[in-house]
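Peer 1: how would this look folded up:
(one chain, ligands or ions: 1)
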Amino acid sequence: AQLASARYGKDNVRLYKVQRNSDQTQDVTEMTVCTLLEGDIAASWTHADNTNIVATDTQKQTIYVTAKLNPVNPPELFAAILGQHYIDTYPHITAAHVDIIVHRWARMEVDGKPHPHSFLRDGAETRTVQAVARRGEGISIRSGIKGLLVLKSTGSQFWGFHRDEYTRLPETWDRILSTEVEAGWHWKRFGSVEEVKKDQESFNKAWEDARRITLETFAKENSPSVQNTMYLMGEQILEAAPKVEAVEYSLPNKHYFEIDLSWFKGLKNTGEDAEVYAPQTDPNGLIQCTITRS
Ligand SMILES: O=c1[nH]c(=O)c2nn[nH]c2[nH]1
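Peer 2: Numbering: from 1, shown residues only. I've put the predicted structure just below:
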């Protein structure tokens, strides 16, 4: 046997960093980090020789020290700094994968104004970054949104699809649409951390644009399908972010089924009389795509 590939590191490293501003307001960032290293490390697997293993605990300590000595925002910059650290520090490491999940702490409004140091978790939605620093190849970065749960009570259709002896689904021109957005956008490759630093304004703008475009398109489009709606989202993000090369969406279709209540004294609750529905945990549709520049 041979070792075809290997990477290792510390997952689920949680960190919080506070920024104490001169105007007495404070900003907080909370993230969960995973680093995984690749390189001349096979001997640990194949020969029980740990000489070249930068312990996962060392990687955890490195995450904390790097967060203390560097900005943690935008998360793309922090990921690039952290990944490049391993390439610069350990000659035998050829790739460092850094995955970051940023959790939401939205500043509270108290007495009609933003509170200086109080925040709330206004959803399970997260901002994500996957970065890979590769020796001699710079840094690739994918940014994203995950867990953004949305629903519209109408303004969604699905008709004109293929029908055959296996098809039961009725066509609809008015349905509930709910999905939990997982979106991602791939940046052009960066040659160095310096290059990432130079572009750092682009990351927050792209995330804000992508989130706004996703929500607005979801709400405004009388969606003919999840497929078409996600395509409209992706092409708008490419338009808004010139340094983004590709946009990905993975959208579950979280179904709400009509409940026929006609057994109860002929109660009408289907079609245009439908008001009470059964939200479905599973199965769910899953629609995925990658959109690039033509
Ligand atoms: O938007 C949708 N796309 C589909 O492909 C599909 N299939 N069933 N319902 C669906 N809704």
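
Peer 1: And the pLDDT for the residue of the stretch 1-150 of the chain found nearest the ligand?
Peer 2: Closest residue of the stretch 1-150 of the chain to the ligand, Cβ to the nearest ligand atom: V150 (14.1 Å). Glycine gets a C-beta too; all of them are placed from N, C-alpha and C. Per-residue pLDDT puts V150 at 98.

Peer 1: hey, where'd the helices end up in the stretch 151-294 of the chain?
Peer 2: For the stretch 151-294 of the chain, the helices defined by DSSP state H, counting those that start in this stretch cover 193-198, 200-220, 226-240.

Peer 1: Mind listing what's buried along the host helix or strand of S140?
Peer 2: Element membership for S140, per DSSP states H and E: strand 138-152. Neighbour-count burial for strand 138-152 flags 138-148, 150, 152 (criterion: 16 or more other Cβ atoms under 10 Å).

Peer 1: and these as TSV, adding distance to C289?
Peer 2: As requested, the buried residues of strand 138-152 are exported to TSV (distance: Cβ to Cβ, whole Å):
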residue	distance to C289
G138	27
I139	25
S140	20
I141	20
R142	15
S143	17
G144	14
I145	15
K146	16
G147	19
L148	17
V150	17
K152	20
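
Peer 1: out of these, who's nearest K68?
Peer 2: The nearest member of the buried residues of strand 138-152 to K68, counting by Cβ to Cβ, is I139 at 21.2 Å.

Peer 1: shouldn't the closest one be in contact with V132?
Peer 2: Yes. Counting by Cβ atoms under 8 Å, I139 does reach V132; the two are 7.0 Å apart.

Peer 1: who touches both of the two?
Peer 2: Residues touching both I139 and V132 (Cβ atoms under 8 Å, 6 or more residues apart in numbering) are G83.

Peer 1: can you list the residues of this structure near the ligand?
Peer 2: Contacts of the chain with the ligand, taken as Cβ under 6 Å from any ligand atom, map to 158, 169, 225-227, 253, 285, 287.
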